[in-house]
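1. Predicted structure and sequence below. I'll ask about it afterward.
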Amino acid sequence: MRFDLTDLRLFLNVHEAGTITGGARRSHMTLASASERIKGMEDTLGVALLVRERRGVKLTPAGRTLLHHARVVLQQMDRMRGELDHYGQGLKGHVRLLCNTSSLSEYLPEILSAFLTEHPKISVDLEERPSYEIADAIRTGMADIGLVATSADLQGLETYPFRPDSLVLIVARGHELASRASISLPDVVDHDFVGLLEGSALQEHVTQHARRAGKQVFYRARLRNIDAVCRMVGHGVGIGVVPKTAAIRCARSARIKRIELTDPWATRDLVLCVRNAQDLPLYAKKMMQHILNSAPGKPAQETPST
C-alpha cells in the first residue's frame, strides 16, 4: 500500500467538501486527476472508500478508517514542519480556529490581529460555528482550537477559561418591554425579532432553545453583524438576543435597552478548548497561549441616556 501525502490531503479535502469536485478544487488539481487518484487508492486497497451519490460522496467504513489515519499523518507532518521551522528561519504554520458568534464579534479580531502581526509566518482560518459543532470538530481533529460556550458538550476535551458570555434581550428604549429588568425567552417570542443571517451560530442557539420551549421565533430582519442588529432594534423594528458585552457597547449609539434573560442557557462562559494541548504543533500552541494570555480589555461602560 503506497499513498503519498497528496493522496491523503486530497481524500481529506473531498470529505470536507462533500464532493470530489470540491475536493479537487481545494487540492488545486483537476477533477480528472483527483478522480484518478481516488480510484487508484481504491484499487490499491481493493475496497471502495467513497459512495458516489447524486449530490456528492459519503465515506464507506474503509473510508472512515482512512480518514482517521490521514488526519493523524497530516497533523503530524504539520507539527514536524512547524517545529523544525522554529529552529530554522522562523516559525511557519497554519492554524484552524473555530469560534462562536460572541468570540468572533467581540474579541478575536483584535486578539488575532496582534498575534499575526507578531508572527508573520503563521496564518489562521477563522470560522464561525455553533458551539456544539465546534466541540465535535475539535474531538475529531477537524480543527486545532475552539472557542465555545460552556453550554456545549465538552466531554473529552481540555478546556481553559476565556471570557464571560451572557446573552441578553435588547429592545428600543421606547419599547413596551423597556421597563422590564429581566424576562425569559418564551415570554417574548410573540414579538418580532431582529437577528443575524440564517446559519449564524448565535441565531441557531436562540432558535434551538425557543423550539425546546415549544415556541418559534419570527425574524423581521436578518443582518450580517451584531452591531447592525443593535441599530435596527434601536429603530424599533423588533427585539433581539445578543451578547451582553455587545449590548453594553452599543447601548448609546444604537439607543437600545438591555434586559437580563432568566433562561439558564443565557448565562454562560466562553472557554478555549483543544483535544490535547501537548499534541498541538508549536505554532498552534503559541496562538493558544496568546489568546489565553490576552488581558481582557476594560469592561464596556454603559453611557447614561441623554
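-> Alright, I've got the coordinates. Numbers count the residues shown, from 1 in each chain.
2. Strands of this structure, residue ranges please.
-> All strands of the chain, identified by DSSP state E, fall at 50-53, 56-59, 93-99, 122-128, 145-149, 158-164, 167-172, 182-183, 193-196, 219-223, 240-243, 256-261, 269-274.
3. Kindly reformat those strands as JSON lines containing mean pLDDT.
-> Listed next are these as JSON lines, based on pLDDT from 0 to 100:
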{"stretch": "strand 50-53", "mean pLDDT": "90"}
{"stretch": "strand 56-59", "mean pLDDT": "90"}
{"stretch": "strand 93-99", "mean pLDDT": "90"}
{"stretch": "strand 122-128", "mean pLDDT": "89"}
{"stretch": "strand 145-149", "mean pLDDT": "95"}
{"stretch": "strand 158-164", "mean pLDDT": "95"}
{"stretch": "strand 167-172", "mean pLDDT": "97"}
{"stretch": "strand 182-183", "mean pLDDT": "97"}
{"stretch": "strand 193-196", "mean pLDDT": "94"}
{"stretch": "strand 219-223", "mean pLDDT": "94"}
{"stretch": "strand 240-243", "mean pLDDT": "96"}
{"stretch": "strand 256-261", "mean pLDDT": "97"}
{"stretch": "strand 269-274", "mean pLDDT": "96"}
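4. what about the nearest residue to Arg275 once chain neighbours are set aside, neighbour count?
-> Computed as CB to CB, 6 or more residues apart in numbering, the closest residue to Arg275 that is not its neighbour in sequence is Ile138, at 5.5 Å. Every C-beta, even on glycine, is put in place using the N, C-alpha and C of the backbone. By other CB atoms under 10 Å, the residues close to Ile138 number 24.
5. Looking at the strands of the chain, which is nearest to Ala17?
-> strand 56-59 (8.2 Å; CB to CB).
6. Give the other helices and strands that the closest one contacts.
-> strand 50-53 (3 or more CB pairs under 8 Å, 6 or more residues apart in numbering; DSSP states H and E).
7. Sheet partners, orientation included, of the strand it packs on?
-> Paired strands of strand 50-53, with direction, are strand 56-59 (antiparallel) (DSSP bridges).
8. Isn't Arg231 up against Ala254?
-> Yes - between Arg231 and Ala254 there is a contact under CB atoms under 8 Å: 4.7 Å.
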